[in-house]
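Chemist: turn this into a structure:
(one chain, ligands or ions: 1)
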Amino acid sequence: MNDRRKSLFVPEKIDALRPFSAPLLAWYGANARRLPWRVLPTPYRVWVSEIMLQQTRVEAVVPYYERFLAALPDLPALARAPEDRLLKLWEGLGYYSRVRNMQKAAQAVVLAGGTNLPGSYEALRALPGIGPYTAGAVASIAFGIPVPAVDGNVLRVLARLLACREDIALPQVKRAFEQAAAALLLRECPGDFNQAMMELGATVCLPNAAPRCADCPVRAFCAAARAGNAPDYPYKSPKKPRVVEERTVFVVVAEHTVLLRRRAGKGLLAGMWELPNLAGWLSAEETGAVLAGWGMPEAETRALGDGKHIFSHIEWRMKGLLALPHACPPVEDGVWANAADLAERYALPSAFRPYARLLLELLARDGM
Ligand code: SF4
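Modeler: Coordinates of the predicted model:
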């Protein structure tokens, strides 16, 4: 560890910051948003909310959360839910491995004879899909265990309070922040402290150039605000550019149904249903050969619009192709789904959103 990093986390610096927790908690008590998982913070409810909130904004999560809890009100219900139902409940939130891991964790608990999440940080960490942040959040909020919970919001707040110029993408820097958060944590109310830090990051200490320092309850303790350069923090090394993939997406419609195909069990969108698609922007000859291979050589075709979808490391640039065969032959790994199936049974990843509206119109049309 170099001298510069050492100097950021010396005990004197943390000690000087310690009194910030009083105004922080007072502010949280008066300003916390009333969110469904805060009303009744059971371990299961907190866990579901924390997993949903990864990568998704609070406002967007609330309706999904309520629907999910109504359908699967407790951990045993999650453990026994059929996979397609689970994915359907998650449809629109993306990153489906999150909910699959939740189910694996629930099944592990049930298999061990439990009906609820374990009440220790280490036991939570041992479950699939539960990393240091989620374990810290569930342990502190639901069980009152004094452990930190450092998500992106908390990292940003701490980086600014401490004016830390280290790269927060580096694991050792993240660990140093977790240690700082643990040292600052109020042991008598760890759940409120962690949530207050998250709330401050989500509503006041906003990312990029938008921190609302004038409204901040801990401004008097903030090194970045004092220096007038809060937007410069946190520092993160630039990400690698995304890989761009061209794809041809087939919207194949016959007899009020659309052809869906199940993806392979590993990799991007593992095991999800999708509109069949292939790498590259295929020529008319190539798409004709593909349709013939699926047993529909006679299908009329028409070009649809372009679409784009960004995954975390990959960008799809899609060209749609409408195909209208006369019948619905069986296709390997495929299923013909009607509008009701799409609404209730099969979750279609949001990558295919550019074609979703047209698809529903086509399925509803007479004589299709
Ligand atoms: S004073 Fe500004 S930069 Fe510092 S914690 Fe508050 S909002 Fe963030």
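Chemist: now the strands for the stretch 101-250 of the chain?
Modeler: Secondary structure of the stretch 101-250 of the chain (DSSP state E, counting those that start in this stretch): strands at 243-254.
Chemist: can you show me the helices along it?
Modeler: With helices called from DSSP state H, counting those that start in this stretch, the stretch 101-250 of the chain shows them at 121-125, 132-143, 152-161, 171-184, 190-203, 223-227.
Chemist: list the contacts of the second one.
Modeler: It stands for helix 132-143. Contact partners of helix 132-143, identified using C-beta atoms under 8 Å, 6 or more residues apart in numbering, comprise 41-43, 45-47, 50-51, 54, 117, 119-121, 124-125, 130, 145-151, 178, 190-191, 193-195. Bear in mind the C-beta positions are built from the backbone N, C-alpha and C, glycine included.
Chemist: list buried residues within those.
Modeler: 41-43, 45-47, 50-51, 54, 117, 121, 124, 130, 145-151, 178, 190-191, 193-195 (16 or more other C-beta atoms under 10 Å).
Chemist: ok, which of the helices of the stretch 101-250 of the chain comes nearest Leu86?
Modeler: Nearest to Leu86 among those is helix 132-143 (18.1 Å), distances taken as C-beta to C-beta.
Chemist: list the contacts of the residue nearest to Val110 when sequence neighbours are not counted.
Modeler: Using C-beta to C-beta, 6 or more residues apart in numbering and skipping the chain neighbours, the partner closest in space to Val110 is Ala79 (4.4 Å). Applying C-beta under 8 Å, 6+ apart to Ala79 gives the contacts Gln103, Ala106, Gln107, Val109, Val110.
Chemist: rerun at 6 Å
Modeler: The contact partners of Ala79, by C-beta atoms under 6 Å, 6 or more residues apart in numbering, come to Ala106, Gln107, Val110.
Chemist: what about the last one, how many residues nearby?
Modeler: Using other C-beta atoms under 10 Å, Val110 is surrounded by 15 other residues.
Chemist: pLDDT score assigned to it?
Modeler: The model reports Val110 with a pLDDT of 98.
Chemist: ok, Val10 next?
Modeler: So Val10 comes in at 80 (pLDDT).
Chemist: same thing with Arg242?
Modeler: Reading off the model, Arg242 has pLDDT 91.
Chemist: before we move on, what about Asn2?
Modeler: pLDDT, Asn2: 43.
Chemist: how does this structure divide up, domain by domain?
Modeler: Structural domains assigned to the chain are 3-232, 243-364, following automatic domain parsing.
Chemist: winner for burial among the ones you listed?
Modeler: Most buried of the domains of the chain by mean neighbour count (mean count of other C-beta atoms under 10 Å) is domain 3-232; its value is a mean of 18.
Chemist: is the ligand contacted by it?
Modeler: Yes: Domain 3-232 reaches the ligand (C-beta under 6 Å from any ligand atom) through 157, 160-161, 204-205, 211-213, 216, 218-219, 222, 224-225, 230.
Chemist: which of those residues lies closest to Lys266?
Modeler: Val157 (37.1 Å).
Chemist: quick one: the closest one and Val204 touch, right?
Modeler: No: in this structure, Val157 is not within contact of Val204 by C-beta atoms under 6 Å, at 8.8 Å.
Chemist: ok, for Gly94, nearest residue in space, not its chain neighbours?
Modeler: With sequence-adjacent residues excluded and distances taken as C-beta to C-beta, 6+ apart, Gly94 is closest to Ser350, at 5.9 Å.
Chemist: contacting residues around Leu282?
Modeler: Going by C-beta under 6 Å, 6+ apart, Leu282 touches Thr248.
Chemist: look at it and tell me its secondary structure.
Modeler: coil (DSSP: H, G, I helix; E, B strand; the rest coil).
Chemist: name the residues that touch stretch 83-97?
Modeler: With C-beta under 6 Å, 6+ apart as the test, stretch 83-97 has contacts from Gln55, Thr56, Tyr64, Phe68, Ala71, Val99, Gln103, Arg345, Ala347, Ser350.
Chemist: any idea how far apart the tips of it sit?
Modeler: The first and last residues of stretch 83-97 sit 12 Å apart, counting by C-alpha to C-alpha, to the nearest Å.
Chemist: pairing partners for Thr248 in the sheet, please.
Modeler: Taking DSSP bridges, one obtains Leu278, Lys319 as the residues bridged to Thr248.
Chemist: ok, now which ones touch it?
Modeler: Leu278, Trp281, Leu282, Lys319.
Chemist: nearest to the ligand, of the residues you listed?
Modeler: Taking C-beta to the nearest ligand atom as the measure, the ligand lies nearest Lys319 of the contacts of Thr248, at 44.5 Å.
Chemist: I'd like to know how far the residue nearest to Val110 sits from the ligand.
Modeler: Distance from Ala79 to the ligand, counting by C-beta to the nearest ligand atom, to the nearest Å: 41 Å.
Chemist: check contacts around Leu269.
Modeler: For Leu269, the contacting residues are Arg263, Pro349, by C-beta under 6 Å, 6+ apart.
Chemist: ugh, typo on my part, it should be Leu348
Modeler: Taking C-beta under 6 Å, 6+ apart as the definition, Leu348 has no contacts.
Chemist: just name the shakiest helix or strand of the chain by mean pLDDT.
Modeler: Least confident helix or strand of the chain, by mean pLDDT, DSSP states H and E, is helix 3-8 with a mean of 48.
Chemist: name the surrounding residues that touch the very next helix or strand once past that one.
Modeler: Next in sequence after helix 3-8, counting helices and strands by DSSP states H and E, comes helix 11-17. Applying C-beta under 6 Å, 6+ apart, the external contacts of helix 11-17 come out as Ala183, Phe221.
Chemist: repeat that with 10 Å
Modeler: For helix 11-17, contacts defined as C-beta atoms under 10 Å, 6 or more residues apart in numbering pick out 7-8, 10, 158, 161-164, 179-184, 218, 221-223.
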